Structures are given as structure tokens and as C-alpha cells.
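1. Turn this into a structure:
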Amino acid sequence: MMDELREEAEYVILSVGDMIYDTRTRSRGFLQKRERRIDIIQDDIYIWTVVWFAQAKEFQYFNNPSFIEEDGLKISILLGTVILHSINGDKNE
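-> Coordinates of the predicted model:
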């Protein structure tokens with residue numbers, strides 16, 4: 001299952017300016033910057049800086065992460081816990 005998700009995640013295209021919606025906290029944010037980081041185990045990983053701008057009142061005390069690892073974000077999009085609104089209009093399906 002995880003291997004299939006990782007393969008499918010390769011087709012999810014993320015861009016600076018894309019909006020993401022966290023379905024659990026009803027938070028909205030923009031992808032601001034992508035950075036390459038070196039990881040001892042995986043070698044190269046990519047991290048997205050997210051600028052959050054809206055959150056449901058009942059979840060206002062939950063912090064949304066300012067940085068999200070790219071592969072985890074893509075898998076969250078595939079699972080539907082995060083909804084991607086691409087600045088390019090791509091559907092990623």
C-alpha cells in the first residue's frame with residue numbers, strides 16, 4: 001500500500017503559491033518556499049514553508065506546522081486529509 005502511494009505521489013505537482021486546505025482543522029495556507037535538505041537516512045528531502053491564513057475557530061489553539069516535508073504532504077493530498085488548490089489549475093488526479 002505505501003509503495004503504491006509513494007509511486008502515485010510522484011504525479012502530485014506542488015508549486016509556490018498553491019493553496020492547501022487541512023480538512024481536520026479546516027485551516028488554509030499557501031505554499032511559500034521549497035527547500036532541499038540533507039537527511040542522513042533518505043539523503044535528499046524537500047521541505048515546504050507554509051503561510052497559514054485561516055483556521056476554524058474551534059481549532060484556533062492547534063498550531064499548523066510552518067514547515068511540511070514534501071513527500072508527507074503529497075501523501076496527505078492523495079489520502080484526502082489535505083486538499084490542494086493549484087495555482088496552475090492542475091488537478092493532480
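2. Work out for me the element the residue most central in space within the chain sits within.
-> Centroid-nearest residue in the chain: L73, 3.4 Å away (criterion: C-alpha atoms, centre = their mean). According to DSSP states H and E, L73 maps onto helix 70-79.
3. quick one on the thing from earlier: what does the model give the residue nearest to the centre of the chain for pLDDT?
-> At L73, the model reports a pLDDT of 97.
4. thinking again about what came up before, for the helix holding L73, packing partners?
-> helix 2-9, strand 43-54, strand 82-85 (3 or more C-beta pairs under 8 Å, 6 or more residues apart in numbering; DSSP states H and E). Using the backbone N, CA and C atoms, a C-beta is placed for each residue, glycine as well.
5. buried stuff in that helix?
-> Buried positions in helix 70-79, judged by neighbour count with 16 or more other C-beta atoms under 10 Å: 70-71, 73-78.
6. if we can go back for a sec, the helices and strands packed on helix 70-79 into TSV, with extra columns for mean pLDDT, distance to L31 and mean neighbour count?
-> Below are these laid out as TSV (pLDDT from 0 to 100; distance: least, C-beta to C-beta, whole Å; neighbours: other C-beta atoms under 10 Å):
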stretch	mean pLDDT	distance to L31	mean neighbour count
helix 2-9	89	15	11
strand 43-54	91	5	14
strand 82-85	97	9	17
